[in-house]
Each structure stands twice: as structure tokens, then as C-alpha cells.
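> Fold the following for me, if possible:
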Amino acid sequence: MLKNHQINIDNVILTIILSLFSILFTMNIGFLLGSSIKNPILYVFAILLSIIILKLFRIKLLEIFFCFLLAAISLIFSSFFYDLSNDGTWYHQNTIIALKNGWNPIYEKYTLLDAQLYVQHYAKGHEIISAAIYFLSNNIELGKSINLLIIFACLLFSYRLLGDYFPKKKAALYAVLITLNPVSITQIFTYYIDGFFYNTLVIIIIATILYIKSFNPKYAAILIMSLCIFGTLKFTSIPVIAVLFIVVLGYAFMENKIKNIVTFKNFSLTVIPILILSVHPYFTNIKDGKSIFYPAFDKNSNVLNVHLTKSIQEKNRITKLGISLFSKTGIPEKTIKSGLKIPYTFNISEVKKLSSPTIVLGGFGIFFSAFFINSIIILIACLFLKIKTKTASIILLILASFVFYSLIFPEPWLARILPQFYLIPILILLYYESSYTKIKWLSYLKHITLVCLVTNFVLFIMVSFFFNTLYSLKTHFMISELKKHDAVYCVQEFGYKSNLQRLQDNNIRYKLCNLDNEQEKNLIYFEPKNTKISTRVKAKINYNNQPKILNLLDQIFIKIQ
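All right, here's what the predicted structure looks like:
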């Protein structure tokens, strides 16, 4: 354990969360004062805030160095892997570029037409932190390093909590299963924020449990800062926080600590920073005459339903959830029946979809329906066992809150919008693990479920790593070839301004042209290629210069197509 080597896990988590919070908090203060991310004073203030809090909690230099090491690893990986996702290179990067160039979202309107609605009105905590990193590094890819950093924090914190209740090996296994949600894996090198949202939520839950258990101010600090970050990520953060608050009250009541939790001090320290960070977009939406969550949850439009066939759109949300859970992984097929599958079965086309950050149906993987059914059987059996340990009660409370939220959430069928649903079968397994009574057939079923879970996330990692490596190497090669020639290239983009910014950041000159003719010679594309919307460049490239590893991956790609 890290503690044995004089590195305290709690201090590491505090330092990581503090680094994200200090940037987010100071930049929002700057926005309120009419400033922008380009103001160097804000970075000085962020450093001073971090130093004060680090000294307050007596964080050791070795622990800070360890956090720097994790940050360095995150930055190195993020610099290699390009974000080539749809929304990532569209409105998320458009937002980041605008913020980096000095846009103040509180007092200024976003004037570009591309993704204007989303850039102007959506919550943007993740983008603000990423834009600050982009401003300091002049490399937009480095901003997404916070995805890997929050995964490190979630993994260590999960192990820290589970280590109090289970043997080390078991705690390590479940920490990995909890942290490496398929949504987090597929979005790790993109600017999609659902995986970051999920891992931050797990950290909040762990900090809450540890704080109520010990009332250590360190956990309070982690909890408050994580809540502040979480509240700025997505509109769905707010209802999640509301449900979480009810769960906290329930847990505090179970522990007979309700009076210690509901205090003016705790309320003030939590609510005031959240209000400061929520001026945009919540209050600015109201000021503009819109609903607080505009344009999400708008009665006249449902941006998620466009991914579904009409036959599924007409179903209620619970039926949609059921269809999604037991469908083939990928996009909907022509009929609902043809898209459904028998648990434990899969085909190779499903496996290929595991690299997508926006899987529509079956988004938790090819074996999720199998281990979901297994876990339900285990839960029913456990309820008959009447497990009465304190650990089981905590797990059951969290489990009940996730089930409740999933049932009331408007669109629970899309995995990346409700990533915490993936925790339900894992929590059920932990519920059984917390029992002193073990039944042989249930233990066998638990082991089968664990094998499915591990196989599932390993497949996600392998497929995602393959395609991310392939497309990133292609992009590196393409940019390096373009930089060799002092030319002005003809470029056409379809709303993906980030690709133009990518050329600018690499000092590649270009002019906008019409390159709609797909048969035109010497067209190269930013991967993954989509002939309708890909940014394309007219340039002659010598593919004989491709690195050997890229040639090898290309051959593998051709074989599996």
C-alpha cells in the first residue's frame, strides 16, 4: 500500500482534486470580474490557493511529487492520442478554443454559428480546466489529460475505501472494476465528459462515506471540491447531487450523526463555492430568459432520441432501458427484435464497436446483459439471507439510490448519459461479499459474473487502445507530412473548427476550399474518416514514409473490417 512508502492516498487524492478545483475556481472568479483565461494573474492566484490548502493539510513534498508524476503520465499519453471523436472535436473543442482565446462566457455571447447553442448554454467546467491547460501549453490535446488524472484518483480512492472492508487483493480487483467503467475507457482520450463525470461521482461518494465515518476535515475538503467540480460538468449533475444529498442524510441517520452533518458551517462551505461556479450557465440562462437547464430537457426537442429508430422512440423510458440493456452493442437495427440478443452471446461486429465513445445501445459492453442478470439473481438471494452488516447497509443504500435515479431519469437507455448504472451489478457483488454467510452456488455465480466483468472491460481496453493508436498514428503522420512542405493547403471542414486550429497550432498554412468531390485525387482526411463530415485536405503524401508500426496496424485493420 502507498501508505507504507510514506505516501498517504488521502493526501494524493486531495492534491489531485485541489489542482483541478483551484483552476476551475479562479477562472470562474476571473469571469465574474470580467477577465478571461488569458489573464496570468488568475494562474498565480490558483497556485497561491493550492499552496495555502496544501500547507493547511500538511501535504508532504513526496506526495506532491507523486501527483506530479501522475499528471506527467496523463500529459504524455494525452499528447500522443488525438481526440478524433464527433462531439469532442465539435462543440467541446470549439468551447475550449473560444475560452483559450479570451472568451468570457458570463458577459459575452459566442458568435460563431457552429455549435453556437451548445457552446453558449451548456455547462463547461471540464472545458474551462482544459482551456487553461491549453493556454499554458499551446497544445489542445493536453487538456484531456484530466480524464486520465481523475481515473488515477478514482482508482486509488476506491482502493483506499474498499481496503477498510475487504482483503487487499479483493479491494484492488473491485477498485479496478469500479473505476474502469466502459464509458471512462472509451472517452479517456476524448473531450467527452461522461467518463470524467462518472469518476468524479465515485470520488464524491467515497469522500462522503469516509467523512461521515470519521469527520476528518480532509475528506470534507475532498468532498466539497469534488462537488464543486461535479456541479459544473453537466446539467444532469444537479439532480444527481439532489439524490446524493438525500442518501447522505439517510446514511448520517443510520450512523446517528445527522446533527453533525446538517450544520450552517457545512452548508456554507459547500453551497457558496457551488453558487460561484454556477453563475454560468445556470444564472446566465435565466438572465437570457431561458430555462435554467436550457437547451437540455426542452419539451420541444430531444437531442438524444435522434439516435433511436422510430419504433424505439415511441416506447417509455423503462422499456427503452430494457431494450438497450439486452441489445447488441452498437447502433439500433431496423427492428427491435432483430437488435436483441441472448445474454453471453456476441458477434465480431459488436466487438469492433467497443472503441466508440457514443455507443447507442448495449453501451456497457457485450457481456453486460449477462452479468446484470447474474447480479439480480444474487441480489434476490441476498435479500432472503437478510444480511445485516453495517457495510451491507451502506452498499444497499447507495444501490437503492442508483436504481431510483435510473428509474426517474428521462433517458436512462444511453450508457454515456447514465454511466453510474454500470455500478449496479458491481454493488450487488459487493453486497454479497459483505455477508458472513456464503452459499456455494451463489459463490459460483459471483465468480462467473466477475469473469464476465473482467473480460468485458479488458475487451474495451484492447479495442479502444487499438483504434486510438491507429487513428492517432495516422494523424501524427499526416501532420508531419504536411509540415514538410512550405505550402498553402486547400482545406474543407464541416463545422469542426478544431481541425483548423490543429493546423494552425502546427504552423501549417491553409485556405478554405470546396472539396466535396470525393473522387478528387490527393485528398487526405482527419481520422476516423467519414466522407460526409470529415475535414479533408488536398495534399500529396508519400505513404512510403509511414512508420512500420502504422503499416502493421493498417494491415490488422484491413483484416478485421
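> can we go C-alpha only for contacts and neighbour counts from here?
OK.
> Cross-check the contact I'm expecting between residue 541 and residue 481.
Yes. When contacts are counted by C-alpha atoms under 8 Å, residue 541 is listed as touching residue 481 (6.5 Å).
> for this structure, where's the lowest mean pLDDT among helices and strands?
helix 258-261 (a mean of 68; mean pLDDT, DSSP states H and E).
> Where do the domain boundaries of this structure fall?
Following automatic domain parsing, the chain resolves into domains at 2-287, 305-453, 463-560.
> Among those domains, single out whichever gets nearest to residue 294.
Set against residue 294 and scored by C-alpha to C-alpha, the domains of the chain come closest in domain 2-287, at 6.6 Å.
> Quick check: the nearest residue to residue 317 once chain neighbours are set aside vs residue 296, distance?
Leaving aside its chain neighbours, residue 317 sits nearest to residue 411 (6.0 Å; criterion: C-alpha to C-alpha, 6 or more residues apart in numbering). Noted for residue 411: a distance of 12 Å to residue 296, by C-alpha to C-alpha, to the nearest Å.
> try residue 163
39 Å.
> mind checking the SS state of the closest residue to residue 388 other than its chain neighbours?
Once flanking residues are discounted, residue 388 sits nearest to residue 435: 7.9 Å by C-alpha to C-alpha, 6+ apart. Classification of residue 435 using DSSP: H, G, I helix; E, B strand; the rest coil returns coil.
> residues touching residue 435, list them.
For residue 435, the contacting residues are 387, 388, 389, 392, by C-alpha atoms under 8 Å, 6 or more residues apart in numbering.
> So residue 22 is in contact with residue 46, correct?
Yes. Residue 22 lies in contact with residue 46 (C-alpha under 8 Å); the separation is 5.1 Å.
> To which secondary structure element is residue 276 assigned?
Following DSSP states H and E, the helix or strand that holds residue 276 is helix 264-277.
> what about the most centrally placed residue in the chain, distance to residue 186?
The centroid of the chain falls nearest to residue 195 when counting by C-alpha atoms, centre = their mean (1.7 Å). Between residue 195 and residue 186 the distance is 8 Å, computed by C-alpha to C-alpha.
> and residue 374, how many neighbours?
20 (other C-alpha atoms under 10 Å).
> quick one: it and residue 445 touch, right?
Yes. Counting by C-alpha under 8 Å, residue 445 is a contact partner of residue 374 at 6.8 Å.
> Looks to me like residue 511 is in a strand.
Yes. Under three-state DSSP, residue 511 falls within a strand.
> Find the nearest non-adjacent residue to it, please.
Using C-alpha to C-alpha, 6+ apart, the closest residue to residue 511 is residue 490 (5.2 Å).
> who touches that neighbour in this structure?
Contact partners of residue 490, counting by C-alpha under 8 Å, 6+ apart, are 510, 511, 512, 513, 537, 538, 539.
> are any of the residues you listed buried, and which?
If you count burial by 16 or more other C-alpha atoms under 10 Å, the buried members of the contacts of residue 490 come out as 510, 537, 538, 539.
> dump the residue contacts of the last one.
Spelled out, that is residue 539. 482, 489, 490, 522, 523, 524 are the contacts of residue 539 under C-alpha under 8 Å, 6+ apart.
> mind listing which of those are in strands?
489, 490, 523, 524 (DSSP state E).
> Toward the C-terminus, what is the element adjacent to the helix or strand harbouring residue 24?
Assigned by DSSP H and E, residue 24 belongs to helix 9-32. Toward the C-terminus, helix 9-32 is succeeded by helix 40-56 as the next helix or strand (DSSP H and E).
> ok, residues contacting that next one?
By C-alpha under 8 Å, 6+ apart, the list of residues contacting helix 40-56 from outside reads 15, 18, 19, 22, 23, 25, 26, 27, 30.
> Tabulate the residues you listed (CSV), appending pLDDT, distance to residue 416 and neighbour count.
Listed next are the contacts of helix 40-56 as CSV, based on pLDDT from 0 to 100; distance: C-alpha to C-alpha, whole Å; neighbours: other C-alpha atoms under 10 Å:
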residue, pLDDT, distance to residue 416, neighbour count
15, 98, 28, 24
18, 98, 26, 23
19, 98, 26, 18
22, 97, 27, 23
23, 98, 26, 24
25, 96, 26, 26
26, 97, 29, 21
27, 97, 27, 27
30, 96, 31, 18
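> Take those residues and write them to JSON lines, including distance to residue 495.
As requested, the contacts of helix 40-56 are exported to JSON lines (distance: C-alpha to C-alpha, whole Å):
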{"residue": "15", "distance to residue 495": "38"}
{"residue": "18", "distance to residue 495": "35"}
{"residue": "19", "distance to residue 495": "33"}
{"residue": "22", "distance to residue 495": "32"}
{"residue": "23", "distance to residue 495": "29"}
{"residue": "25", "distance to residue 495": "31"}
{"residue": "26", "distance to residue 495": "31"}
{"residue": "27", "distance to residue 495": "27"}
{"residue": "30", "distance to residue 495": "29"}
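> which residue ranges form the strands in the chain?
489-492, 510-512, 523-525, 536-538.
> Contacts for the second one, please.
Residues from elsewhere that reach strand 510-512, judged by C-alpha under 8 Å, 6+ apart: 487, 488, 489, 490, 491, 492, 493, 503.
> Next, give me the two most distant ones among those.
Going by C-alpha to C-alpha, the pair spanning the contacts of strand 510-512 furthest: 487 and 493, at 18.4 Å.
> So those two - more neighbours on which side?
Taking neighbours as other C-alpha under 10 Å, residue 487 and residue 493 compare with residue 493 leading, 18 against 12.
> what's near enough to touch the more buried one?
Counting by C-alpha under 8 Å, 6+ apart, residue 493 touches 499, 500, 512, 533, 534, 535, 536.
> burial count for the spatially closest residue to residue 195 that is not a sequence neighbour?
Nearest residue to residue 195, sequence neighbours excluded (C-alpha to C-alpha, 6+ apart): residue 184, at 3.8 Å. Applying other C-alpha under 10 Å, we find 26 residues neighbouring residue 184.
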